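1. predicted structure and sequence below. I'll ask about it afterward.
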Amino acid sequence: MFNYLHQVVRFPVVSSQYSLKKKNIFVYLSSLGLLLLVINVIMGCNHQSSSIPIESSLLTVDTVEMVQQGIEKSRQGNYEAAVDDFNQVLAQNPQDINAYFNRGFAYSSLGQFEQALADFTKVLKLDPQMVQAYVNRGNVYLQLGEDEKAISDYEKALKINPNDAFAQNNLGLAHLNSGSPELAKIDFTQAVTIDPLYGEAYYNRGLALLDLGETKKAIADFQKAAEIWEEMGEQTASEAALAEINALKANN
């Protein structure tokens, strides 16, 4: 089993300030108004883990256990300690793809973006088909304002897995940030086609529609996002979408 933390850009809670600050994507990237890059879940894929216990005359640790320990520390927000765990694994097994991926996540969460890029790039050298490494590296490029590189990584992820709604949504964010709302609209539409309950993608498409002057359609998307989040119990996100609607109606 291939274990890793998956970081995704989520976009549910922003204010109507977007229309004034659309060139700064990091004004409005958030997860329930709190986090930019979020831990989603420990996921599995059909990939043989390279995390195996390695015997050493200098140091012997169970690298599987150490990777899991690092993942748990990352989930708790203790990223520096997580990096230390992954460093120990890599000292014994420099080809451990799990450790590189999760260390990349921890580095990005610490704002150490160059180190994160290096780790995700290493992962892709070890496994050029790993979709989430492209997505996560794209997220880092997006944070650095390197929209074209982010777009390239999301497109590579989608070439491998066209049904990845996260990658499709994030591609839309990159297009939106680079001043291409029409392309972003297409991306977000594809994301909700893949996942009809993807509240963030509806919300994001609403923002793209605002850029295109399609206010009524934007309101409909914000309403759809609010309904989905309400059903999922994400009350804060739902209220933010409804606040966006109220602000638009008040200005018209």
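-> Perfect, thanks for sending it.

2. show me the contacts for the closest residue to residue 149 other than its chain neighbours.
-> Excluding its sequence neighbours, the residue lying closest to residue 149 (Cβ to Cβ, 6 or more residues apart in numbering) is residue 141, at 4.2 Å. For the C-beta atoms, the positions are set from N, CA and C on the backbone; glycine is no exception. Listed by Cβ atoms under 8 Å, 6 or more residues apart in numbering, the contact set of residue 141 reads 117, 147, 149, 150, 153.

3. and the spatially closest residue to residue 161 that is not a sequence neighbour, backbone torsions?
-> Distance criterion Cβ to Cβ, 6+ apart; nearest residue to residue 161, sequence neighbours excluded, is residue 131 at 4.9 Å. Torsion angles at residue 131 (phi, psi; degrees, to the nearest 10) stand at phi -60, psi -50.

4. for the residue nearest to residue 149, identify the helix or strand it belongs to.
-> Under the criterion of DSSP states H and E, residue 141 resides in helix 131-143.

5. next structured bit after that helix?
-> helix 147-160.

6. how far does that next one sit from its chain's centre?
-> Its chain's C-alpha centre and that of helix 147-160 lie 13 Å apart, by Cα atoms, centre = their mean, to the nearest Å.

7. just want the angle from it to helix 131-143.
-> Taking axes from the mean of the first three to the mean of the last three Cα atoms, to 10 degrees, one finds helix 147-160 and helix 131-143 inclined to each other by 160 degrees.

8. so which elements touch helix 147-160?
-> With contacts taken as 3 or more Cβ pairs under 8 Å, 6 or more residues apart in numbering; DSSP states H and E, helix 147-160 sits against helix 131-143, helix 165-177.

9. restricting to C-alpha, output the first one in CSV.
-> Output for helix 131-143, consisting of C-alpha atoms alone and laid out as CSV, is shown next (Å, rounded to 0.1, in the frame of the first residue of the first chain):
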residue,chain,number,x,y,z
VAL,A,131,-0.9,12.0,-10.4
GLN,A,132,-0.9,13.5,-6.9
ALA,A,133,2.8,14.5,-7.1
TYR,A,134,1.9,16.5,-10.2
VAL,A,135,-1.0,18.1,-8.4
ASN,A,136,1.0,18.9,-5.3
ARG,A,137,3.9,20.3,-7.3
GLY,A,138,1.4,22.4,-9.2
ASN,A,139,0.0,23.7,-6.0
VAL,A,140,3.4,24.9,-4.9
TYR,A,141,4.0,26.6,-8.3
LEU,A,142,0.6,28.2,-7.9
GLN,A,143,1.6,29.5,-4.5
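
10. mind listing what's buried along stretch 211-225?
-> Buried positions in stretch 211-225, judged by neighbour count with 16 or more other Cβ atoms under 10 Å: 211, 214, 217, 218, 219, 220, 221, 222, 223, 224, 225.

11. can those go into JSON lines with extra columns for distance to residue 170 and pLDDT?
-> Output for these, formatted as JSON lines (distance: Cβ to Cβ, whole Å; pLDDT from 0 to 100):
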{"residue": "211", "distance to residue 170": "17", "pLDDT": "95"}
{"residue": "214", "distance to residue 170": "22", "pLDDT": "96"}
{"residue": "217", "distance to residue 170": "22", "pLDDT": "97"}
{"residue": "218", "distance to residue 170": "20", "pLDDT": "97"}
{"residue": "219", "distance to residue 170": "24", "pLDDT": "96"}
{"residue": "220", "distance to residue 170": "23", "pLDDT": "97"}
{"residue": "221", "distance to residue 170": "17", "pLDDT": "97"}
{"residue": "222", "distance to residue 170": "20", "pLDDT": "97"}
{"residue": "223", "distance to residue 170": "23", "pLDDT": "97"}
{"residue": "224", "distance to residue 170": "19", "pLDDT": "97"}
{"residue": "225", "distance to residue 170": "16", "pLDDT": "96"}
